[in-house]
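Undergrad: Pasting the sequence and the predicted model now:
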Number of protein chains: 2
Amino acid sequence: MAIAAKIQGFMESSSWIRKMFETGVQLKQQYGPENVFDFSLGNPSVPPPPEFYTALEETVKEQPPNKHGYMPNAGYPQVREEMARLVSETQGVTLTAGDLLMTVGAGGALNVVLKTLCNPGEEVLAMVPYFVEYRFYADNHGATLTLAETNRDFSLNIEAIEAALTPRTAVVIINSPNNPSGAVYSAESLAALGSLLERKSNEFGRVIHLVSDEPYRSIVYDGIDVPSVFSHYTDSIVVTSFSKELSIAGERIGYIAVHPEITDHDAAVDGMILCNRILGYVNAPALMQRVVARLRGINVDVEEYRRKRDLLCDGLEEIGFEFSRPRGTFYLMLPAPDGDDIEFARRLQEEKVLVVPGRGFGLPGYCRVSYAVPDETITGSMKGFRAAWESYRSGS
Amino acid sequence: MAIAAKIQGFMESSSWIRKMFETGVQLKQQYGPENVFDFSLGNPSVPPPPEFYTALEETVKEQPPNKHGYMPNAGYPQVREEMARLVSETQGVTLTAGDLLMTVGAGGALNVVLKTLCNPGEEVLAMVPYFVEYRFYADNHGATLTLAETNRDFSLNIEAIEAALTPRTAVVIINSPNNPSGAVYSAESLAALGSLLERKSNEFGRVIHLVSDEPYRSIVYDGIDVPSVFSHYTDSIVVTSFSKELSIAGERIGYIAVHPEITDHDAAVDGMILCNRILGYVNAPALMQRVVARLRGINVDVEEYRRKRDLLCDGLEEIGFEFSRPRGTFYLMLPAPDGDDIEFARRLQEEKVLVVPGRGFGLPGYCRVSYAVPDETITGSMKGFRAAWESYRSGS
């Protein structure tokens, strides 16, 4: 094989996902897309808010010098300032432009952070279930992903985290609101995590960084707030994107915010700016930097996602499914009736309902259902969910 | 130190560049920016063509569904098709959409290609002088950059390349028109390189890929054409961006074109699509994909750069400098009169003329002069260039 062995291996080990995807495409061709109920994707379904389009049009009309050219690798100074104000509000800790850098989405942000912080052979600890890309992102920089279980309601399990920390742990990464569980970690659990990391950093004689991946911060329901990570641990970093908050995932715009009191602050920020450059991102897309800087506090219509969540959850509960109702994001982890996620996904596929087996997220026994879909997909799928459910009851 | 040792090391070893940059900032503060002649940057100075602004405005007005959302990791199918037509024209080999993927600039493209093709411990061979980021890009994926000398006029030295190839060489990377030398490699030299790589691939029993980094393809002078790499070697890949051709370096939009007859074609393309995702780029910025697809064959006003080149080169020749007049890009490699590039840059800095020592590009003894600057910078600098030149003549 002419390509790198590792990449060839990645493709072979993910061939089941491709096969599932191809089966979905086949089903849509065979029965018509309106008769296949696809809950397998994570693409925001609610349109960008009207303010986004206005900001885009206004930004396109502006004519500052060198408008589409290079700017400093960290981003436009005025955009970094604006983001610092935004994060100061959401985190309750005062940041300045020098604590911020603009990135190519949260994916770019996470790679920049992990390259800056991890020595080869070190570990990145994530919570189960976890966003699938974390394993690749750690591996990109010679680190290994390790995992800690969460509680039954997907909340943080501090004992499990303590047991999973080792002297090689460079980074603990949390994702709240969580893709794929929809859980939002409480302030109490973040305080306990902060205390634990402080104690273990001292014990191991090295800083354990806490990275909070927050692209769903504004996609929460039932009046809850996502607690601040910065308030509970100084060696912490927030990464995020505007992909979900503004439904502009294709535009690749996000940022890194570094706690102003992080250990070796300037080396950390300068290292991230260097890594943003040498990883080939160079800078966050210029035009979109200016656009998002105009939109502080503007979000998609979260009520739309709330309505979809309830439409899905009410329907599934009526059938008999039991699960933790997500408090944020647009994902639900649905337990397989007999604990076998692959079999559950297969039976749903027979009913033309497409979901993703949880083992891809480190949690076999569950399937991920993304409800960023048209209402008709949800209502139309209920017959299929019921048939799959009953196939277990009847023992067939 | 709380950050990765490697990144700390990178920052320490590049501290002289930072110091130079800071001295430049100080000089501008002290004497006024109009009295400092800065040739140290590579930011296009010619504005985007009017067609770019029209295309941007029209694209913003379009309202296709999911306009700013995720698309396939390889890019929009219609954009890939349009780029395939473009590359088919410039390379003289017929490509289809399946040979193309859209990337976050050429920096993103190069990282995707190197991750897909290089096993850890393998080598990436570049020509001297080389674009500084190549060393980082190879290192990102566990590969090592090796170097081959070029001829006195910066043309390819096939014997030097043959001597530098080893059984561990996974990729040979060329950059023509070349940053920083301005050289354009001839069709004859590409044919010789293709033959050599074919022979050595057979000898070593592994495919040696040729990667052609071509962001300056359209920035050439004196009626020359940049020859096709695809015509001379099938295991070849072209990477590029629109940064220089459209003066939109900040927007991060480029692509990878894979030779339709490359060994293991589908694995190579699928591997690159996977790497585009797992390196955190995910996809090229959505809006700019649609914009560049409307602009096939449109370029900045190259005549402007040609005029600047001649203004600079005529002036320097009149003083007495001898050098290879660049045939493309907006860079000139100027030999240090006594062969010491650091000292030459220092003497020019005394005259408030800022250039970059060539050792950063693997070529001590030269300084890089970027003429993507206002005409006044060029005319204003001549007094300083003359004084530096005379300081060598007088032996002071």
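TA: Structure's in. What do you need? Given the structure is predicted, the values throughout are model-derived calculations rather than measurements. Numbering: from 1, shown residues only, chains lettered A, B, ... in the order given.

Undergrad: packing partners for the least confident helix or strand in chain A by mean pLDDT?
TA: Sorting the helices and strands of chain A by mean pLDDT, DSSP states H and E puts helix A:15-31 at the bottom, at a mean of 85. Judged by 3 or more Cβ pairs under 8 Å, 6 or more residues apart in numbering or on different chains; DSSP states H and E, the packing partners of helix A:15-31 are helix A:341-350, strand A:353-354. All C-beta spots, glycine's among them, are computed from the backbone N, C-alpha and C.

Undergrad: contacts for the last one?
TA: Contacts made with strand A:353-354 from outside it, assessed by Cβ atoms under 8 Å, 6 or more residues apart in numbering or on different chains, are listed as A:20, A:24, A:27, A:36-40, A:348, A:381, A:384-385, A:388.

Undergrad: Now it: average pLDDT?
TA: The pLDDT scores in strand A:353-354 average 96.

Undergrad: How about residues contacting the helix or strand following it?
TA: For strand A:353-354, the following helix or strand on the C-terminal side (DSSP states H and E) is strand A:356-357. Applying Cβ under 8 Å, 6+ apart, the external contacts of strand A:356-357 come out as A:17, A:20, A:40, A:180, A:341, A:342, A:344, A:345, A:364, A:367, A:368, A:370.

Undergrad: Could you identify the buried members of these?
TA: Buried members of those, scored by 16 or more other Cβ atoms under 10 Å in any protein chain shown, are A:20, A:40, A:180, A:341, A:344, A:345, A:364, A:367, A:368, A:370.

Undergrad: Isn't the first one up against residue A:342?
TA: No. With contacts counted by Cβ atoms under 8 Å, residue A:20 stays clear of residue A:342, the gap being 9.7 Å.

Undergrad: Flag the shaky bits of chain A, pLDDT-wise.
TA: For chain A, the stretches flagged by pLDDT under 70 are A:395-396.

Undergrad: can you pull out the helices in it?
TA: Taking DSSP state H to define them, one finds helices in chain A at A:5-13, A:15-31, A:50-61, A:77-91, A:105-117, A:133-140, A:158-164, A:187-204, A:265-278, A:286-293, A:302-319, A:341-350, A:375-393.

Undergrad: what's the most buried one of those?
TA: Most buried of the helices of chain A by mean neighbour count (mean count of other Cβ atoms under 10 Å in any protein chain shown) is helix A:105-117; its value is a mean of 29.

Undergrad: Grab the CA positions of that one and hand them over as CSV.
TA: Output of helix A:105-117 as CSV, limited to C-alpha atoms (Å, rounded to 0.1, in the frame of the first residue of the first chain):
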residue,chain,number,x,y,z
GLY,A,105,-13.4,25.8,14.5
ALA,A,106,-13.3,23.8,17.7
GLY,A,107,-11.5,21.0,15.8
GLY,A,108,-8.6,23.4,15.1
ALA,A,109,-8.7,24.7,18.6
LEU,A,110,-8.4,21.2,20.2
ASN,A,111,-5.5,20.2,18.0
VAL,A,112,-3.7,23.4,18.7
VAL,A,113,-4.2,23.0,22.5
LEU,A,114,-3.2,19.3,22.5
LYS,A,115,-0.1,19.9,20.4
THR,A,116,0.9,22.7,22.7
LEU,A,117,0.4,20.8,25.9
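
Undergrad: now that helix against helix B:5-13, angle please.
TA: Interaxial angle of helix A:105-117 relative to helix B:5-13 (axes from the mean of the first three to the mean of the last three Cα atoms, to 10 degrees): 80 degrees.

Undergrad: what about helix A:105-117, distance to the chain center?
TA: 13 Å (Cα atoms, centre = their mean, to the nearest Å).

Undergrad: Stretch A:234-253 too?
TA: 9 Å.

Undergrad: and the gap between residue A:52 and residue A:287?
TA: 13 Å (Cβ to Cβ, to the nearest Å).

Undergrad: ok, now residue A:203?
TA: 47 Å.

Undergrad: Next: residue A:335.
TA: Where residue A:287 is concerned, residue A:335 sits at a distance of 44 Å (Cβ to Cβ).

Undergrad: Same check on residue A:19?
TA: If you go by Cβ to Cβ, the gap between residue A:19 and residue A:287 works out to 38 Å.

Undergrad: same check, this time on residue A:143
TA: Distance from residue A:143 to residue A:287, counting by Cβ to Cβ: 33 Å.

Undergrad: again with residue A:239
TA: For residue A:239, the distance to residue A:287 - Cβ to Cβ - is 21 Å.

Undergrad: Spatially nearest residue to residue A:297, not counting backbone neighbours?
TA: Spatial nearest neighbour of residue A:297, chain neighbours left out: residue A:86 (7.5 Å); criterion: Cβ to Cβ, 6 or more residues apart in numbering or on different chains.

Undergrad: And for residue A:181?
TA: Among residues not flanking residue A:181 along the chain, residue A:154 sits closest, at 4.0 Å (Cβ to Cβ, 6+ apart).
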